[in-house]
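Engineer: Dropping a prediction and its sequence here:
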Amino acid sequence: MIGLPKRVIIGSGIIDNIPRYINELSIGHKDTLLVTGPHIVNVIGMKVKELLEDNKFSVHVKVVNIASVDVAYSIINEFKSSKPLLIIGLGGGKSIDIAKYVAYMLNANFISIPTSASHDGIASPFASLKGFEKPVSIKTKEPLAIIADTKIVANAPKRLLASGSGDVIAKFTAVLDWRLAHRLKNEYYGEYAASLALLSAKHILRYADRIALGGEEAARIVLEALISSSIAMSIAGSTRPGSGSEHLFSHALDLVAPKPALHGEQCGVGTIMMTYLHGRNWKRIKKALKLIGAPTTSKELGIPDEYIIKALTIAHTIRPERYTVLGESGLTWEAAENLARRTGVIS
Ligand code: ZN
């Protein structure tokens, strides 16, 4: 069974139309919970609340600043008896991840309104929350609609757009890993989902110069690529087309680094190294990330070299059932150090 968003609306200055878009979904109720972040609540959150209230929605607002299981459950417990039937995630990744999980647990409709294009959680059915046993995303439900105002997304810090680009470029090695697992382990492989994910990654490589310029066009390119790759994951029914060894490296860094960088930034650097392991053109990946302004070295990630190497050596243990180019025994310290050095990630 493939669950897909009913509507994807991307446009410039469309925020005022939010109540109309929601009405057109014919959900048939107006009891809404708006989950947003401490900064966005003042910039856009209150405006969205007012717009909805002017259209006879009743709106509760929850401000969250961390995407953890504890935060999600405190909201679930607070609302489980009143049960809002529509839950909106408005913000960057954290608010959307929390809203998505809460909507899943309360069996409510979920609408994603991203204010930045920093990772594919804005459109996928997968939520990544801190506090679960493993630092990987869990399957919830797909958004009923995704509403993205390119004017707002273009105003988000440029670092977020570069990070989102890294999360899309990651699909390149995710698909290579998936094919490998199919050939070696007879794992299910969906050609269509793989092609769609790959297309998103190629789209970012092709338009890297335009993304580098920033502005609304850049926002649109990255948003569309993030949404397409999320749809690839919805079609596959798993994160396989979107998350391979480069994501395992990023998850491992989250565990070992004293101060991890952004998810997409780490995935981008992981993609450079895993492309090298696959024997593909890693220099092209690196060049595109550089052009976009995404980190390509440990220094730019702000993570000391030893943590990069450590993460490479433990990445295969993060999700042992997900076979990748790292194999079952992973990389030795020496092999990891060589890999990071040859690709210029450490010097
Ligand atoms: Zn990701």
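Structural biologist: Okay, I see it.
Engineer: any low-confidence regions in the chain?
Structural biologist: Residues of the chain meeting the criterion pLDDT under 70: 135-136.
Engineer: Go again with 90.
Structural biologist: Residues of the chain that meet the criterion pLDDT under 90 lie in 1-3, 27-30, 66-67, 82-85, 92-93, 121, 128-139, 141-142.
Engineer: residue boundaries of the strands in it?
Structural biologist: Under the criterion DSSP state E, strands of the chain are mapped to 7-11, 31-36, 58-63, 86-91, 109-114, 126-127, 138-139, 145-149.
Engineer: May I have the beta-bridge partners of the closest residue to residue 224 other than its chain neighbours?
Structural biologist: Nearest residue to residue 224 in three dimensions, chain neighbours excluded: residue 10, at 6.9 Å (CB to CB, 6 or more residues apart in numbering). Every C-beta, even on glycine, is put in place using the N, C-alpha and C of the backbone. Note on residue 10: beta-bridge partners by DSSP bridges are residue 148.
Engineer: So what's the residue count around residue 10?
Structural biologist: Residues near residue 10, counting by other CB atoms under 10 Å, number 17.
Engineer: list the contacts for it?
Structural biologist: Contacts for residue 10 were tallied using CB atoms under 8 Å, 6 or more residues apart in numbering; they are 146, 148, 150, 220, 223, 224, 227.
Engineer: Residue 131 reaches residue 69, doesn't it?
Structural biologist: Yes. Between residue 131 and residue 69 there is a contact at 3.5 Å, judged by CB atoms under 8 Å.
Engineer: re the thing from before, which one (most neighbours) among the contacts of residue 10?
Structural biologist: residue 148 (27 neighbours).
Engineer: any idea where the helices of the stretch 51-200 of the chain begin and end?
Structural biologist: 69-79, 93-105, 150-154, 158-169, 171-185, 191-206 (DSSP state H, counting those that start in this stretch).
Engineer: Select, out of those helices, the one closest to residue 239.
Structural biologist: Among the helices of the stretch 51-200 of the chain, helix 171-185 comes nearest to residue 239, with 8.1 Å by CB to CB.
Engineer: what does that closest one contact?
Structural biologist: By CB under 8 Å, 6+ apart, the residues outside helix 171-185 that reach it are 187-189, 194, 197-198, 200-202, 229, 232, 240-247, 270-271, 274-275, 278, 280, 285, 322-325.
Engineer: now with 6 Å?
Structural biologist: Outside helix 171-185, the residues that touch it by CB atoms under 6 Å, 6 or more residues apart in numbering are 187, 189, 194, 197-198, 200-201, 229, 240, 242-246, 271, 274-275, 278, 323-325.
Engineer: Can you dump the C-alpha atoms of it in CSV for me?
Structural biologist: Taking Å, rounded to 0.1, in the frame of the first residue of the first chain, the C-alpha atoms of helix 171-185 are listed here in CSV:
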residue,chain,number,x,y,z
LYS,A,171,20.1,9.6,-2.5
PHE,A,172,22.9,9.0,-5.0
THR,A,173,24.7,6.6,-2.6
ALA,A,174,21.5,5.4,-1.0
VAL,A,175,20.3,4.0,-4.3
LEU,A,176,23.8,2.4,-5.0
ASP,A,177,23.6,0.7,-1.6
TRP,A,178,20.1,-0.4,-2.3
ARG,A,179,21.1,-2.0,-5.6
LEU,A,180,24.0,-3.7,-3.8
ALA,A,181,21.7,-5.1,-1.1
HIS,A,182,19.4,-6.4,-3.8
ARG,A,183,22.2,-8.2,-5.7
LEU,A,184,24.0,-9.5,-2.6
LYS,A,185,21.2,-10.1,-0.2
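Engineer: May I see the buried residues of it?
Structural biologist: Buried positions in helix 171-185, judged by neighbour count with 16 or more other CB atoms under 10 Å: 171, 172, 173, 174, 175, 176, 177, 178, 179, 180, 181, 182.
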